[in-house]
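Asker: Dropping a prediction and its sequence here:
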Amino acid sequence: MHRRWLFLAAWALVVVALIAVVLRADGSDAGDRRSRADDGTRAGAPSATAAGTRAPSPSPDPSAASTSPTASARPAPSAERTSRAVPAAAPLAGRIGPGAAHRGVATFYDADGGGACMYDPGGDPLTGAMNTADYESARACGAYVRVTSGGRSVTVRITNKCPGDCASGRIDLSAEAFARLAAPSAGRIAVSWTLVSPSDVGTLSVRYKTGSTAYWCGIQLIGHRNPLARLEVRAGDGWRRLPRADYNYFLAADGGGCGGALRVTDIYGERLTLDGIGLRPDVVQPTRAQFARH
């Protein structure tokens, strides 16, 4: 009987010990859970990684954006503006640039819109012939200038070169243009004139000179808002600049680039690339392109 009680007591001690172990383990787990819940990473609270070390958003891929503020017109022929920006100044201007007031005298003659610049006669009655110095080997061709005298002004397009006795600053106006400034009986008046960039000029056209072939060609740009600085033809992977004749055609003496893509640049540095211009002599081929206004 005494041995049975000792045996039961021993088993009771074993059971108590097991219960204590289980309680300690459960308490430890509960404490760990409370500790994890209180250590700043509880559900719903931003973690240190999320709040302070979040990976930055990827920067936009520059190649995915347009490489220039291009204004692309796609007529037939097509045209694409390829300059990144149009500067306010005119780094490619010759003697006639924006902002400079030229002073001289104005006369008039029986103009028809044709002349040294080789534009077709007719159409615009408000034209002018530039003195030789400011004509500058056709750089003045197609430029628009505002002529002012006695509080009156008129805007004319340069289509001709004044005869050799015209001094620097002088401009020979069409009779219609001169009449906007003074009575024809005045004959000769003091004026000032400056380059302008008008709004209502339409779009550009291209013409190949009579006799142009794949072995020699002359290229003329018509209807440009701003004076031209250069014309280039495609040459392999690059561009080849053509010289400008005094009669306002850009010449490819060996025919290189004739009938291919053209790139034209105005005095402000804006470039337009013209595609689809056929090698069709003496045909005015319109585009939908035009230089920006200044």
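Answerer: Perfect, I can see it now. Residues are numbered from 1 along each chain as shown.
Asker: And for the strand or helix carrying Q220, what's in contact with it?
Answerer: Q220 belongs to strand 217-222 when assigned by DSSP states H and E. For strand 217-222, contacts defined as Cβ atoms under 8 Å, 6 or more residues apart in numbering pick out 118-119, 142, 204-209, 211-212, 228, 231, 233, 242, 245, 248-252, 255, 258-259, 262, 264, 279, 284. From N, CA and C alone the C-beta is placed, and that goes for glycine too.
Asker: quick one: strands adjacent to it?
Answerer: Partners of strand 217-222 in the sheet, by DSSP bridges, are strand 205-208 (antiparallel), strand 250-252 (antiparallel).
Asker: buried subset of the contacts of strand 217-222?
Answerer: Buried by 16 or more other Cβ atoms under 10 Å: 118-119, 142, 204-209, 212, 228, 231, 233, 242, 248-252, 258-259, 262, 264, out of those.
Asker: Now do the helices in this structure.
Answerer: Using DSSP state H, the helices of the chain run over 2-38, 48-52, 132-135, 175-179.
Asker: any idea which of those helices scores lowest on pLDDT?
Answerer: Note on the helices of the chain: lowest mean pLDDT is at helix 48-52, with a mean of 34.
Asker: give the contact list for T213.
Answerer: By Cβ under 8 Å, 6+ apart, the contact set of T213 is 255, 258, 279.
Asker: now do 10 Å
Answerer: Contact criterion Cβ atoms under 10 Å, 6 or more residues apart in numbering gives 255, 258-259, 279, 281 as the residues in contact with T213.
Asker: G255 versus that one, what's the distance?
Answerer: The gap separating T213 from G255 is 7 Å, by Cβ to Cβ, to the nearest Å.
Asker: Overlap in contacts, these two.
Answerer: Contacts common to T213 and G255, judged by Cβ under 10 Å, 6+ apart, are L279.
Asker: What residue spans form the domains of the protein?
Answerer: Domain segmentation of the chain under automatic domain parsing yields 72-88+201-286, 102-196.
Asker: Reformat those domains as a markdown table; add distance to G94.
Answerer: Shown next, in a markdown table, are the domains of the chain (distance: least, Cβ to Cβ, whole Å):
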| stretch | distance to G94 |
| --- | --- |
| domain 72-88+201-286 | 8 |
| domain 102-196 | 4 |
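Asker: quick one: which of the ones you listed has the weakest pLDDT on average?
Answerer: Sorting the domains of the chain by mean pLDDT places domain 72-88+201-286 lowest, at a mean of 90.
Asker: tell me how far that one is from the chain's mean position?
Answerer: Chain-centre distance of domain 72-88+201-286: 16 Å, with Cα atoms, centre = their mean, to the nearest Å.
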